[in-house]
Structure formats: C-alpha cells, structure tokens
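Asks: No sequence on hand, only this structure:
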C-alpha cells in the first residue's frame, strides 16, 4: 500500500477532494483524467464527464497530488481509501 498526505487550501477543499476521488461504499475511483493545472488549482474529469476543481495549499501540493494520482488515472493502481483531517487528505492506493 502506498499513501500520501495532500494539503488543500482549507477543510472544504479537502472534503471535496476526498469525495471526488473515492467512494467508500462502492470502492470506486471517480477521477478519470487531470484536465489542467492553474497555479494551486487542479481541474479534473470524473466518470460522469463533469469537470471539477480543487484548490491546494501551494504548487508543491499540486505536484504531489498529480504525481500520485497519475498511476490511478492510468489504471496501474486503485484507490483504497481516503481520510480527511482538517485541510489534509490522506490517500491510500494499492
């Protein structure tokens, strides 16, 4: 299992990220593609073809997230769980 901590701009953004990445009941990953990056904001496509953005603390967090999620988008890994704690999202993948 591989994990990372991602720091978002605030608690709302971390909850949004966690809910858009992974649904615990169905063990599904919703993100299908990273569409664009604007400074500390990432825009991504989810399974229903809608686009969503999440604001991160800084560009370093954006890079950490996009690097971590790339293997999931490419279907090399699966998200196992997400845990939020304030503005931090801990993401686990296999």
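Replies: Noted; the coordinates are in hand. Since we're looking at a predicted model, the values are computed, not measured. Numbering: from 1, shown residues only.
Asks: longest helix anywhere in the protein?
Replies: helix 59-73 (DSSP state H).
Asks: If you count contacts, what does that one end up packed against?
Replies: If you count contacts as 3 or more Cβ pairs under 8 Å, 6 or more residues apart in numbering; DSSP states H and E, helix 59-73 packs onto strand 2-7, strand 31-38, strand 41-46, strand 88-93. Where C-beta positions appear, they are placed from N, C-alpha and C, glycine not excepted.
Asks: Export those strands to TSV and append columns for mean pLDDT, distance to residue 17 and mean neighbour count.
Replies: Shown next, in TSV, are the helices and strands packed on helix 59-73 (pLDDT from 0 to 100; distance: least, Cβ to Cβ, whole Å; neighbours: other Cβ atoms under 10 Å):
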stretch	mean pLDDT	distance to residue 17	mean neighbour count
strand 2-7	96	7	16
strand 31-38	93	10	14
strand 41-46	94	9	18
strand 88-93	95	5	19
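Asks: mind checking which of these is nearest residue 74?
Replies: With Cβ to Cβ, the closest approach to residue 74 among the helices and strands packed on helix 59-73 belongs to strand 31-38: 10.0 Å.
Asks: hmm, who's touching that closest one?
Replies: Contacts with strand 31-38, where a contact means Cβ atoms under 8 Å, 6 or more residues apart in numbering, come from 20-21, 42-47, 51, 62, 66, 69-70, 72-73.
Asks: Let's see that with 7 Å instead.
Replies: Here strand 31-38 makes contact (Cβ atoms under 7 Å, 6 or more residues apart in numbering) with 20-21, 42-47, 51, 62, 66, 69, 72-73.
Asks: related to what we said a few turns ago, could you save the helices and strands packed on helix 59-73 as JSON lines and add columns showing distance to residue 14?
Replies: Shown next, in JSON lines, are the helices and strands packed on helix 59-73 (distance: least, Cβ to Cβ, whole Å):
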{"stretch": "strand 2-7", "distance to residue 14": "8"}
{"stretch": "strand 31-38", "distance to residue 14": "15"}
{"stretch": "strand 41-46", "distance to residue 14": "13"}
{"stretch": "strand 88-93", "distance to residue 14": "5"}
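Asks: Of all the ones you listed, which one is nearest residue 81?
Replies: strand 88-93 (4.6 Å).
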